[in-house]
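Q: missing the sequence, but the structure's below:
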């Protein structure tokens, strides 16, 4: 990789300032994805602004209003082991504990997991043309492209799939992303955090230069929540999800769903909110039959490529299993 | 003078299972060389041989003290790297390396303008630099202009009429069998008259070797006009080939090759290759030690691979399960090279009528190299799969069919052992796919074979071990042979210790250094059976020499002395251990040679193996869990049961990985590999590894004085077929493509419903 300057600010404000000061700086958290990209020379930043010494970014804490604050630098291993997460956000701990390998879970952070770039091989191997890296079109979509892990929604321009399996969980929990720039801290709803793929745009988030994720905030809940997570992949050990899914719903006294969230991972360039699944759930008691209908509704407008039709089936099953888990986990 | 010896060969133990199996125990009469040790017989009892002996180099590997080629550091070491073509077919029009050459720390640059590249990974330029960081910048700064041409990189495309050809001297990329189709009996007639005929086409992927340590070497030319090459090679004796020594500018006897430890080869590391020659050229040019090891991506592209295959198989037989004929045609690519695409899909079973046409297909992709049991895993996957299809169609038990058509006495025993341990009768679904619920279980089995009792020659010289004995009892066995990772050091120590009445840890094993007598290349699973007999003879020579000294010391005739368990006994209760006898040596010690004599004819011809697998298939997701594998293998005489089981574990793991995960994905338009990393080129991980029940059927094979045969390759041969048949048994439909990914399993299930 190209030589770079490594700076270690003491706070997120300083980090944001550092990012604003250099036109060619990147935030470094765990470095799991960023350093890979730099080794492949997909990116060659002059400065890495590391969060490794920034205070207050490494904790999980419960705020006075009951919301849960997860610092940007909290590792997946911490999430999987945290008492707070296990008690109040069990699906988040479950997803974190299944991700990657033990070594990576101890290095990878929640902020990096959300901001990581796609694992699409065409994006990662620099010699391939790739829309995200300025190419004219997406070679995955071409007849003869390798499509086995491609997205099945929102894939008209770019068939990449966002690899995070934590993202659908955070989406289902209505997380907010706390974003710091040199002057302010603002909160962005999870659904608004994502940017559609475009020519020359590698990042899938709305983060601008000079901005850094400070934390992920999960709102307090009074009502009883049903939450479920399911991940389908090819290997148990150290693999990316083929599809992941997280759901959350509340029910009325008769057990009918009053409010629902359903998110899918690895199916689109960004985490995918399955609004049609949510609509299909509201007003119904969650049964096996309903779960199948929810899956059919959610995938009705999928646009799989020839090599990715199987992911439609996987997504339906993931929804069904996440709902089954949610029925048990209240 | 040769002498004639009759001794007991065949299966050791397993009495319950070998009842009534003809030929499982035999008396073998052989004419043996006068200097060759008395062969170890079937009933001999051992202190170390055949027991669990931990690796003698386990501690240095576990602590990191063991140095691999990548670990070697030398004063003023510099590093080299490559710029490779991302295009499958192109002419290199120009290479602009001016920016790279101007960088401080860049020592030398090579460019290859005008070259025709016929695979992604073809070398366009190379750089030698002071450090990895300078090297990376310099490689990145080199601008290559390619004239890109169409070049099909996958088999299906290269087979098409009018496809661009890899070799311009040929009209087509498809090359039929050089010696014509393999034909035996009258297959057409037999098929026409058969009760049952089944047919299917099976496909297997291109699998890369994925050695943890990539290809490469480190070259250092010394002031005294000699050179040392630290190489990651499975053949120290053959690594310093003519191209390498020419690049170093030295005669071969000035070039010392060292491979003390290596991180995997699997058949891909027999000789110095193009990048090793570049490394040597840089060492000569810069007059500094240079290391060039491939990056993971380039390793995937050019390090070698197992050819893919398309295998059309038609099997015919009677209703009672007797095979009548097999007929088929195969296609496969070993990249831009030729050959290597055959399939061992007609072996093991009695097939009185056979027709098999095997075609190699040249593609614009990285060359195939020998890979753990070349031709076998893909061949046995197809053969064993079509047999299960036949068994269901004929309505006979798939295991009974195999036992009926298999004449190998050892495998007859192995089928019985494996069937019992997997619970065949209970766990084999009579109606495949009949389990209730979305997760369905099944069991399957498959055979394997191999045929190596080792060799007595290394190239054109006889294989010998030097044995160096010191007055204080130190005993060293020396040969250039490398340990590819299977435990070669340990088995040398075990055999020597057995013969000398010492502990394996007492033996100093010096290998992986061409200053010692040439050692065999680790190919064909021949290393252990080749060297074992030479080690025994070396130990025997030591005992003879020491007996001579003892006879002088005791004033008795040498013929009156007898060695047993490392103790030499003479008349009047006189006795001495090896160590005590060594004290009689002079300060200059003793140096003797153990020679490997020619193989005898083994009555078993080849080694046998079979495996059974139990799987659970989630029919909603296509996810396969391998729940258990029973692996029953013969490797001739077992020397160290611990390392032998470890080899079988490794073979099974690689076989599962091939069956379920591994696949080189190549873009058909652009010809480059899309998954050249270890998170996207999937390989089995610990959580995916089932319990592996290894049963070793130790067979005194009759090739040599140890009775050994090879094990490294045969252990991976049956696995893909056994798993595929278990999946078939579980879901009632055959997945005809490897790897059996969720996508392919779901597709097969849909086919059944539709």
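A: Looks like it came in fine. Keep in mind it's a predicted model, so treat the numbers as computed, not measured.

Q: Which residues of chain B lie near chain A?
A: Within chain B, the positions adjacent to chain A are B:86, B:133, B:136-137, B:140, B:297, B:620-623, B:660-661, B:665-670, B:672-677, B:679-680, B:682, B:684-688, B:741-743, B:746-747 by CB under 8 Å from any CB of the partner chain. In this view, the C-beta of every residue, glycine as well, is placed from N, C-alpha and C.

Q: let's go with 6 Å and repeat that
A: B:86, B:140, B:620-621, B:665, B:667-669, B:674-675, B:680, B:682, B:685-688, B:743, B:746 (CB under 6 Å from any CB of the partner chain).

Q: show me what contacts the residue of the stretch 151-300 of chain B found nearest chain A?
A: Nearest residue of the stretch 151-300 of chain B to chain A, counting by CB to the nearest CB: residue B:297, 7.1 Å away. With CB atoms under 6 Å, 6 or more residues apart in numbering or on different chains as the criterion, the residues that contact residue B:297 are residue B:676.

Q: and it, which of the three is it?
A: Secondary structure for residue B:297, judged by DSSP: H, G, I helix; E, B strand; the rest coil, is helix.

Q: Kindly provide the distance from it to residue B:146.
A: Distance, residue B:297 to residue B:146, by CB to CB, to the nearest Å: 18 Å.

Q: give me the element residue B:616 is part of.
A: Secondary structure assignment for residue B:616, by DSSP states H and E: strand B:607-618.

Q: How about residue A:312?
A: In this structure, residue A:312 sits in helix A:310-328 according to DSSP H and E.

Q: and the nearest residue to residue B:110 once chain neighbours are set aside, bridged to which residues?
A: Using CB to CB, 6 or more residues apart in numbering or on different chains and skipping the chain neighbours, the partner closest in space to residue B:110 is residue B:126 (4.5 Å). Applying DSSP bridges to residue B:126 yields these beta-bridge partners: residue B:82, residue B:110.

Q: Please list all residues in contact with residue B:126.
A: Listed by CB under 6 Å, 6+ apart, the contact set of residue B:126 reads B:82, B:110, B:278.

Q: Go through the residues you listed and give me the one with the most neighbours.
A: Within the contacts of residue B:126, most neighbours by other CB atoms under 10 Å in any protein chain shown means residue B:278, with 24 neighbours.

Q: Does that residue fall in a helix, a strand, or a coil region?
A: When the rule is three-state DSSP, residue B:278 gets the label helix.

Q: Nearest spatial neighbour of it, chain-adjacent residues omitted?
A: Take residue B:278 and drop its neighbours on the chain: the residue closest to it by CB to CB, 6+ apart is residue B:126, 4.9 Å away.

Q: cool, residue A:101 as well?
A: Nearest residue to residue A:101, sequence neighbours excluded (CB to CB, 6+ apart): residue A:238, at 4.4 Å.

Q: So what's the residue count around the one you found?
A: As a burial measure, the neighbour count of residue A:238 was computed by other CB under 10 Å and equals 20.

Q: Look up how far residue B:678 lies from it.
A: In terms of CB to CB, residue A:238 sits 9 Å off from residue B:678.

Q: what's the distance between whichever residue of chain B sits closest to chain A and residue A:103?
A: When CB to the nearest CB is the measure, chain B has its nearest residue to chain A at residue B:685, with 2.5 Å between them. Separation of residue B:685 from residue A:103 (CB to CB): 12 Å.

Q: more crowded one of these two?
A: Under the neighbour definition other CB under 10 Å, residue B:685 and residue A:103 were set side by side, and residue B:685 has more, 16 against 11.

Q: Contact partners for the more buried one?
A: Residue B:685 makes contact with A:237, A:238 under the criterion CB under 6 Å, 6+ apart.

Q: change it to 10 Å
A: A:101, A:235, A:236, A:237, A:238, A:239, B:653, B:657, B:661 (CB atoms under 10 Å, 6 or more residues apart in numbering or on different chains).

Q: so which strand or helix has residue A:298?
A: Element membership for residue A:298 (DSSP H and E) is helix A:288-299.

Q: returning to what we had before: per-residue pLDDT, the residue of chain B closest to chain A?
A: The pLDDT attached to residue B:685 in the predicted structure is 95.

Q: ok, now the one 4 residues further on?
A: Confidence per residue is given as pLDDT, and for residue B:689 that number is 98.

Q: Touching, it and residue B:654? I think so.
A: No. At 11.1 Å, residue B:689 and residue B:654 do not qualify as touching, with contact defined as CB atoms under 10 Å.

Q: The two: who's more crowded?
A: residue B:654 (25 against 17).

Q: How about the more buried one, nearest residue that isn't a chain neighbour?
A: residue B:716 (5.0 Å).

Q: Look at the one you found and report its pLDDT.
A: Reading off the confidence values, residue B:716 has pLDDT 98.

Q: same check, this time on residue B:338
A: Among the per-residue scores, residue B:338 holds a pLDDT of 68.

Q: who touches the helix or strand of chain A at the bottom of the mean pLDDT ranking?
A: For chain A, the helix or strand with the lowest mean confidence is helix A:12-21, at a mean of 93 (criterion: mean pLDDT, DSSP states H and E). For helix A:12-21, the surrounding residues in contact (CB under 10 Å, 6+ apart) are A:5, A:7-9, A:11, A:25-28, A:47-51, A:53-57, A:71-73, A:178-185, A:207-215.

Q: Mind doing that once more with 8 Å?
A: Residues lying outside helix A:12-21 but in contact with it, judged by CB atoms under 8 Å, 6 or more residues apart in numbering or on different chains, are A:7, A:9, A:25-27, A:47, A:49-51, A:54, A:56-57, A:72, A:180-182, A:209-212, A:214.

Q: Could you pull out the helices in chain A for me?
A: With DSSP state H as the criterion, chain A has helices at A:12-21, A:34-39, A:76-81, A:83-88, A:90-98, A:102-105, A:110-115, A:121-124, A:166-172, A:275-281, A:288-299, A:310-328.

Q: Check which helices and strands the last one sits against.
A: Using 3 or more CB pairs under 8 Å, 6 or more residues apart in numbering or on different chains; DSSP states H and E, the elements in contact with helix A:310-328 are strand A:226-233, strand A:241-251, strand A:257-265, helix A:288-299, helix B:742-753.
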